[in-house]
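Peer 1: just coords:
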Ligand code: DC
């Protein structure tokens, strides 16, 4: 069974999906990590990251593996390299490149095939798994998402900078030619603005349970 989750940056998708995986038999798959990994690996080659065809070529040369929820390449765990300022600065543009999206989507489908998985991203409910048994759209106001991000990592940035970053990413995420963030018509909508992670988790687990019973 696939639980597909979409929503904007900083809405709590990753934290909640991880918590859900811990409380269930589902495995967690973060599609954003693939875009981040290819961005990082291309940056490591020292080549121009605005050359999107070049990023795709880099992607096709490496093989990513998911081990215990961490991305590995050539046996090395690169998970802790994926959320740096350098990657953050360009990953939205990299992820807007349609041929790279197709490449990532094929891998997500292959990994999830026949598994119980919670897959999160921006186009998971609309493009990658439109037939997922359960589709969820998480939402929260930009100010609240920025505040959460700022509290997680207050060093070296101001709240205003974080808010500007959240808004800039929303703009790119929502206006991509392919794979833009939008709510699937039949997705369960959850506004996480004033809910704790536990409360959100409960809502999702109730929906999973209702499906399994039905
Ligand atoms: O969720 P995240 O911030 O780790 O995602 C990194 C980038 O990849 C972000 O700019 C959105 C983009 N992304 C995407 O376009 N499609 C997905 N399915 C997941 C992430």
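Peer 2: Right, received. Where do you want to start? Quick caveat, the model's predicted, so the values are computed rather than measured.
Peer 1: Residue numbers of the protein in contact with the ligand?
Peer 2: 9, 31-32, 35-36, 91-92, 95, 121-124, 169, 173, 179 (CB under 6 Å from any ligand atom). For glycine as for every other residue, the C-beta is placed from the backbone atoms N, C-alpha and C.
Peer 1: please redo it, this time with the cut-off set to 8 Å
Peer 2: By the rule CB under 8 Å from any ligand atom, the part of the chain lying against the ligand is 6, 9, 13-14, 30-36, 82-83, 88, 91-92, 94-96, 101, 104, 108, 120-124, 128, 169, 172-173, 176, 179, 181.
Peer 1: Among those, which ones are in strands?
Peer 2: Cross-referencing these against strands under DSSP state E gives 6, 30, 120-121.
Peer 1: Would you point out the most distant pair within those?
Peer 2: 6 and 30 (12.2 Å; CB to CB).
Peer 1: With neighbour numbers in mind, choose between these two.
Peer 2: A count of neighbours by other CB atoms under 10 Å puts residue 6 above the other of residue 6 and residue 30, at 28 against 22.
Peer 1: For the closest residue to the more buried one other than its chain neighbours, give its distance to residue 32.
Peer 2: Nearest residue to residue 6, sequence neighbours excluded (CB to CB, 6 or more residues apart in numbering): residue 125, at 4.9 Å. Noted for residue 125: a distance of 14 Å to residue 32, by CB to CB, to the nearest Å.
Peer 1: Next, the buried residues of stretch 49-64.
Peer 2: 49, 52, 55-56, 58-59, 64 (16 or more other CB atoms under 10 Å).
Peer 1: do stretch 192-202 as well
Peer 2: 192, 195, 200-201.
Peer 1: Going by distance to residue 148, which of these wins?
Peer 2: Set against residue 148, the nearest of the buried residues of stretch 192-202 by CB to CB is residue 192 (9.4 Å).
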